[in-house]
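J.: sequence and predicted model, in that order:
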Amino acid sequence: MVFSKKERLGIYVLSVLTIMVWAIPYFFSQDKTIEDVLKVTYLEIDSAKKILVAQQTQFNKNATRYSRYPNESVNGKTSYRKYNYENNTVSGALKYNKRAPLDINEADSIAFEKLPAIGEKLSSRIVRYRERLGGFISISQVKEVYGISDSVFNLISPLLMIDKDFKPRHIEINRVDYAALRKHPYATHEFTKLVIAYRKVNGAYKGKLDLEKVEELDKSIIQKLLPYLAFND
């Protein structure tokens, strides 16, 4: 059988690779034969499995780690909350519950950062989102912040509160322009465009019913946005 030049080159490369695969372990061994280097007994495999299972069991029993977010300093020393990854709870949350709940419309980013599982980035996002909204009118809105998972929200929600007398910042629906209304998290491009266009043709909105007359408007957005709207002429 006659092999072409490419076939001969392929056979040569495969031969070299085969030799390397068998030879490299030999050169890195300590006076062992190739067979000794490559041989792994069933006993060794079984022992390795037992070690890994034992380590995993021990880890599950003691699955506690320190979070990187410190509690308040006490006597000049900073104590850290323990985060339990097994049941997604923070031991520091129990201590936090003994303090007054955090007013989410008054707290700054530093105050939010002291909450369990909330770091610098999330605390800043909460404050920025609050400013875009015009204030939180429901604690559930905190879950709308990018990066707040359901588990984190469930953890911190019992520690939050809204003053009963709080009033959100209102948008003058009959004076606002496209750019200003569009900044609100609930006002989509299509919604904002329709609101402005209808007002130009039909005049000022007198209330919720006038908004609902615009059939093209998303009714779910109207319901979410209404607490932030003012219908003064």
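T.: Received it, and whenever you're ready, just let me know what you need.

J.: which residues in the protein form helices?
T.: Applying DSSP state H to the chain gives helices spanning 5-27, 34-38, 42-61, 91-97, 109-113, 120-133, 150-156, 178-182, 189-202, 208-213, 219-225.

J.: what packs against the last one?
T.: So that's helix 219-225. helix 208-213 (3 or more CB pairs under 8 Å, 6 or more residues apart in numbering; DSSP states H and E). C-beta: built from backbone N, CA, C; applies to glycine.

J.: now the helix it packs on: buried residues?
T.: Of the residues in helix 208-213, 210, 211 count as buried by neighbour count, 16 or more other CB atoms under 10 Å.

J.: which other residues reach that helix?
T.: With CB atoms under 8 Å, 6 or more residues apart in numbering as the test, helix 208-213 has contacts from 173, 195, 205, 217, 219, 222, 226.

J.: rounded mean pLDDT for it, please.
T.: Across helix 208-213, pLDDT averages out at 90.

J.: stretch 185-193 now?
T.: 96.

J.: also stretch 116-127?
T.: On average, stretch 116-127 scores 94.

J.: what distance do you get for residue 158 to residue 216?
T.: Distance, residue 158 to residue 216, by CB to CB, to the nearest Å: 40 Å.

J.: go on, residue 143?
T.: 29 Å.

J.: what of residue 142?
T.: From residue 142 to residue 216 the distance is 31 Å (CB to CB).

J.: what's the answer for residue 123, then?
T.: Taking CB to CB, one finds residue 123 at 38 Å from residue 216.

J.: neighbour count: these two, which is higher?
T.: residue 123 (21 against 10; other CB atoms under 10 Å).

J.: how many other residues sit next to residue 135?
T.: 18.

J.: neighbours around the closest residue to it other than its chain neighbours, how many?
T.: In space, and not counting its chain neighbours, residue 135 is closest to residue 168: 4.1 Å by CB to CB, 6 or more residues apart in numbering. Neighbours of residue 168 under the rule other CB under 10 Å: 15.

J.: surely residue 168 and residue 131 touch.
T.: No - in this structure, residue 168 is not within contact of residue 131 by CB atoms under 8 Å, at 11.4 Å.
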